[in-house]
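Student: Fold the following.
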Amino acid sequence: GRATEMGRPVLFIPGINEIDEIETLAGLSILGRVARVTARYDTPLLVPVRYPMVLAAGQEVVEQAYIEEGRPDAYNKDIVRYVAGEQFAFTATVNGMMVRQRPATNIYMGAFYAESLLLAETGNAAGSIQIAGTAQPAQLPFFIVACDYTLMGEELYAASAYLSREPLLLGGLKGQDWMKVLIIIAIVIGIALSTFGFGEWYMTLFRNV
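Tutor: Residues are numbered from 1 along each chain as shown. This next block holds a predicted model:
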């Protein structure tokens, strides 16, 4: 909404890993939803990528999003663009895009490494609203301090499943949530039994399993 009002683009980076990484797939899934919104409101979208396979997949995802919104004529294959294959060459190129085009919103969804703070700090200096999501624990502190909103760890995968509305992904997500509930209940029961001195048989049960 902010990008549309200001007439400035949305910058989306689906991580810097190859297409066979689950974080990249999650980022591309979220890109599909973002592209649908930008197509609906005729907002410019920039998607720099690091690998040719991610380029092809990203172009397919964005094109499909524009078709679903009834705006196939507004799709441009240069929305998703290959910029550089080396990590810091990619970072420098994207930072230059931020400084020159001053996107209203930067979205980082996928695997990020040493370049995370460089990207987030440049976007912050450019005055962009920033949303980040990664499953790389070492990079989360940098995104948390430099971005407005951060999806931490498996929240990235949950957002991907929720936004894509794929039944298989949603089913897996619900299954994981129910397993967490059952594990928490089992832990609470074990603590209660151990507190009152009846926990030995319970712990033996889980050791046998």
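Student: Strands along the protein, start to end?
Tutor: 10-13, 45-49, 80-82, 105-109, 129-134, 149-152 (DSSP state E).
Student: The ones you listed: which one's closest to residue 25?
Tutor: Taking Cβ to Cβ, strand 105-109 is the member of the strands of the chain nearest to residue 25, at 10.6 Å. Where C-beta positions appear, they are placed from N, C-alpha and C, glycine not excepted.
Student: what comes up buried for the closest one?
Tutor: With burial defined by 16 or more other Cβ atoms under 10 Å, the residues of strand 105-109 counted as buried are 105-109.
Student: so what strands line up beside that strand?
Tutor: For strand 105-109, sheet partners with direction are given as strand 10-13 (parallel), strand 129-134 (parallel), following DSSP bridges.
Student: Return the mean pLDDT over that strand, rounded to an integer.
Tutor: Averaged over strand 105-109, pLDDT sits at 94.
Student: who's in contact with stretch 122-133?
Tutor: Judged by Cβ atoms under 8 Å, 6 or more residues apart in numbering, the contacts made with stretch 122-133 from elsewhere in the structure are 2, 11, 26-27, 30, 95, 98-99, 102-110, 112, 116, 120, 143, 146-152, 155-156, 159.
Student: Would you format the strands paired with strand 105-109 as a markdown table with mean neighbour count included?
Tutor: Putting these into a markdown table (neighbours: other Cβ atoms under 10 Å) gives the following:
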| stretch | mean neighbour count |
| --- | --- |
| strand 10-13 | 26 |
| strand 129-134 | 24 |
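Student: Go through those strands and name the closest to residue 44.
Tutor: When the strands paired with strand 105-109 are compared by Cβ to Cβ, strand 10-13 sits nearest residue 44, at 7.1 Å.
Student: Pull the distance from that closest one to the chain's centre.
Tutor: Relative to the chain's own centre, strand 10-13 is displaced by 11 Å; criterion: Cα atoms, centre = their mean, to the nearest Å.
Student: contact partners of it?
Tutor: Counting by Cβ under 8 Å, 6+ apart, residues outside strand 10-13 touching it are 3, 27, 31, 34, 38, 43-49, 94, 97-98, 101, 103-110, 119, 123, 128.
Student: would you list the strands of the chain in a markdown table and tack on distance to residue 204?
Tutor: Written out in a markdown table, the entries for the strands of the chain read as follows (distance: least, Cβ to Cβ, whole Å):
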| stretch | distance to residue 204 |
| --- | --- |
| strand 10-13 | 50 |
| strand 45-49 | 52 |
| strand 80-82 | 56 |
| strand 105-109 | 44 |
| strand 129-134 | 40 |
| strand 149-152 | 36 |
